[in-house]
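Engineer: sequence below, structure please.
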Amino acid sequence: MNILVMAGTSDASRLIKNLKNSKKDVYITATTVTDYGAQLAQEAGADRVLPKALPQHELTHILIDLNIDVLVDATHPFAAEATRNAIKAARKTQTKYLRLERPPLNLPDNELIHIVRSFQEAAQLAQKITDGPILHLAGVSTLFHLINIIDKGRIVARVLPSSYSINKCLELGLSGENIIAMQGTFSIEFNQALMKEYHAGVIITKESGESGGTISKIEAALKLKIPVIVVERPEIHELKKEKVKGSVEELLMELIK
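Structural biologist: Sure, this is the predicted structure:
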């Protein structure tokens, strides 16, 4: 079986690893948008890795050229364009499409939690809430939304410890002292220590699901009475007609049945 996994998340790495362990006749091609993501996919056991973003026409050609049986879209919930491209390519080539997506969170009802629909809205609201440091815990790819609205000297960003992420922060004008390069999901206590250290006046994060560490960020902020701005994940209408699995285990059962 030839499987294409659109990777880049911890869930995708777990899926690749479990697939290689459970099916001996599987050949996995993984796509990622960064070299760091490619490294994770290779370490998980992918047979081939394509480390670049793929527009719909390129993805369509790959599905045909590699004779892909199943396209597994395990991209981040916020990678809406990648998901739309995957669905279109799969439909065009009549390739089986499966979506692995973390279930949305039930956020606590608290006056310190502000839910918004975009990062532009998040930046504008952050300006109103505080004139102090703004701790951005939503990844390097969303950072540019803040730059034109908020003074760069007030933005502290936690990003992955990859050359791509760090260089992107520097290109956007952040100083080295305002870049926190760390990998992983962190405990409430660790997040609290970070928020205290940088005197955060507000936190910006995104609704990435439980495995994205969103809850521990929010709970840490609430314990410190720091407002949290949570950006909702984009709604992808095309997914309503597709098979969506909420866990690696569910998707594996669909693939190996």
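Engineer: surely Gly213 touches Phe186?
Structural biologist: Yes - counting by C-beta atoms under 8 Å, Gly213 sits close enough to Phe186 to count as a contact (6.3 Å). To be clear about C-beta, it is placed using only N, CA and C from the backbone, and glycine gets the same treatment.
Engineer: I'd like the next helix or strand past the lowest-mean-pLDDT helix or strand in the chain.
Structural biologist: In the chain, no helix or strand scores lower on mean pLDDT, DSSP states H and E than helix 35-44, which sits at a mean of 87. If you walk from helix 35-44 toward the C-terminus, the next helix or strand you reach (DSSP states H and E) is strand 48-51.
Engineer: strands along this structure, start to end?
Structural biologist: 2-6, 27-32, 48-51, 70-73, 96-100, 113-116, 134-136, 155-159, 179-181, 202-206, 228-231, 243-245 (DSSP state E).
Engineer: partners of the third one in the sheet?
Structural biologist: Applying DSSP bridges, strand 48-51 is found paired with strand 27-32 (parallel).
Engineer: run the chain-centre distance for the partner strand.
Structural biologist: Computed by C-alpha atoms, centre = their mean, to the nearest Å, the separation of strand 27-32 from the middle of its chain amounts to 18 Å.
Engineer: any idea how far the residue nearest the centre of the chain is from Asn67?
Structural biologist: Note on the chain: the residue nearest the mean C-alpha position is His76, at 3.7 Å, using C-alpha atoms, centre = their mean. Taking C-beta to C-beta, to the nearest Å as the criterion, His76 is separated from Asn67 by 27 Å.
Engineer: one step back: hey, which of the strands of the chain is tucked in deepest?
Structural biologist: For those, the largest average neighbour count (mean count of other C-beta atoms under 10 Å) is found in strand 134-136, namely a mean of 29.
Engineer: quick revisit: tabulate the strands of the chain (CSV), appending distance to Lys20 and mean pLDDT.
Structural biologist: Converted to CSV, those look like this (distance: least, C-beta to C-beta, whole Å; pLDDT from 0 to 100):
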stretch, distance to Lys20, mean pLDDT
strand 2-6, 10, 96
strand 27-32, 7, 95
strand 48-51, 13, 93
strand 70-73, 13, 96
strand 96-100, 16, 96
strand 113-116, 39, 96
strand 134-136, 35, 98
strand 155-159, 29, 97
strand 179-181, 30, 97
strand 202-206, 30, 96
strand 228-231, 34, 97
strand 243-245, 18, 92
